[in-house]
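S.K.: sequence and predicted model, in that order:
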Amino acid sequence: MPRDPYEILGVARDAGEQEIKKAFRGLARELHPDVNAHDPQAEEKFKEAAEAYEILSDPERRRTYDRYGHDGLRSGGYAPNFEGFGSIGDLFNAFFGGGSGFGAAAGGDVAVAVEIELLDAAHGKTVEAVFDAVERCEHCKGNGAEPGTPIETCERCGGSGQLQAVTRTPFGQMVRTVLCETCGGDGRVPKEPCHECRGRGRIQVERRLDVEIPAGIADGQQIRVSGRGHAGDAGAPPGDLYVLVRVREDERFVREGDDLITAHDVPAPLAALGASLEIPTLEGIATVELAPGTQPGEILTIRGEGMPGLRKGRRGNLRVVVNVVIPRRLSAEQRELLEQLNESLTEENLRSQEGMFAKLRRALGSQAA
Ligand SMILES: [Zn+2]
Ligand SMILES: [Zn+2]
């Protein structure tokens, strides 16, 4: 004895069309053999749910069932129509593919890229994103008909928006439901297509949108702007806009996380003598003390002159790699001075304060900031 379709779908006797649809959609998702391969009964249960839906989604069948039960349906010539995969596939196609017949489709997402400078990435910037998006045609209010002209039932599909395509498969004949391409699944076609959108009801427009890029953003990060993508079908939500942020390479600074790294040339005698150095930072100039005897590759850290953290707000540091430049193309006089200097050097001048491991670590580029 077949079960009560209301009970199977878990809906009340007076449930509305939408409620029934929703209940079945939920069950179908749960029970679909593809999703639920581990449960051997899933397919059986799915079939049962599909049959219940077939009864309750058809007003006349539902009335007959309400009055006379399963017997009434049978004597009225109705038999559940779920032999094999074909009609189950039908239902699935209707629910999960195509989008025909079961509610309006949401709009698609749009991706756009914008390029900013490193300084903009440090401060944050409002950037105008320019992109193409589909919008509802205002001339026809989205229905595709030239205003004042009638919309007629699609002759190709008889208004259902769907066509049956029969294919042979190892499981036997399979009937697939596909979208009617004449009416695009609407079931209705305008007698005179809208002049603006050629009957599509939607048009592609160039849209400009100010997008706020937060301080601290890194190259390759995306910003999602909800609801600014393509328009959906009437009554359905629009898609989202994804803004890919490209940060242009800077000639002076390399970024590492929230830190910036730069190199600064220092003549060898100055590295030996020590000096006050003026180092260009992202936003200006910082004065840094170079200790006497600074070695090539040593790193000076300027606190707080890096990039702001995207979340923390605290800025990283600027690391300055000391690039000791050995003088070349010496004049006779310079040569003489250096020779004198060289002869005067003692063991004390050349002894390194760091051990070999520290030297190697530095040579390999790792250091404690
Ligand atoms: Zn139009
Ligand atoms: Zn059609």
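M.R.: Structure received. Numbers count the residues shown, from 1 in each chain. Ligands and ions are numbered 1, 2, ... in the order given.
S.K.: adjacent strands (with direction) for the helix or strand Ser276 falls within?
M.R.: Assigned by DSSP states H and E, Ser276 falls within strand 275-280. In the sheet, strand 275-280 lines up against strand 285-290 (antiparallel) (DSSP bridges).
S.K.: could you give the mean pLDDT of the strand it pairs with?
M.R.: Mean pLDDT, strand 285-290: 96.
S.K.: likewise for stretch 175-184?
M.R.: Across stretch 175-184, pLDDT averages out at 80.
S.K.: look at the residue of the stretch 251-369 of the chain found nearest ligand 2 and tell me its secondary structure.
M.R.: Closest to ligand 2 within the stretch 251-369 of the chain is Leu310: 50.1 Å, counting by CB to the ion. Just so you know, the C-beta spots here come from the backbone N, C-alpha and C atoms, and that holds for glycine as well. With DSSP: H, G, I helix; E, B strand; the rest coil as the basis, Leu310 sits in coil.
S.K.: for it, give its distance to Arg255.
M.R.: Here the criterion is CB to CB, to the nearest Å. By it, Leu310 lies 12 Å from Arg255.
S.K.: these two touch, right, the residue of the stretch 251-369 of the chain closest to ligand 2 and Ile223?
M.R.: No: with contact defined as CB atoms under 8 Å, Leu310 does not reach Ile223; the gap is 11.2 Å.
S.K.: ok, residues contacting the strand holding Ser276?
M.R.: Outside strand 275-280, the residues that touch it by CB atoms under 8 Å, 6 or more residues apart in numbering are 252, 262, 264, 266, 285-290, 300, 302, 318, 320.
S.K.: what residues are up against Trp110?
M.R.: Careful, residue 110 is Val; it's not Trp. Residues near Val110 by CB under 8 Å, 6+ apart: 131-133, 228-230, 239-242.
S.K.: list the helices and strands the helix or strand where Lys22 lies packs on?
M.R.: In this assignment (DSSP H and E), Lys22 forms part of helix 17-31. Applying 3 or more CB pairs under 8 Å, 6 or more residues apart in numbering; DSSP states H and E, one finds that helix 17-31 makes contact with helix 5-9, helix 42-56, helix 85-96.
S.K.: where among those is average confidence lowest?
M.R.: Across the helices and strands packed on helix 17-31, helix 85-96 gives the lowest mean pLDDT, at a mean of 45.
S.K.: ok, the helix or strand just after that helix: who's next to it in the sheet?
M.R.: Downstream of helix 85-96, the first helix or strand assigned by DSSP H and E is strand 110-116. Strand 110-116 has its sheet partners listed here by DSSP bridges as strand 241-247 (parallel).
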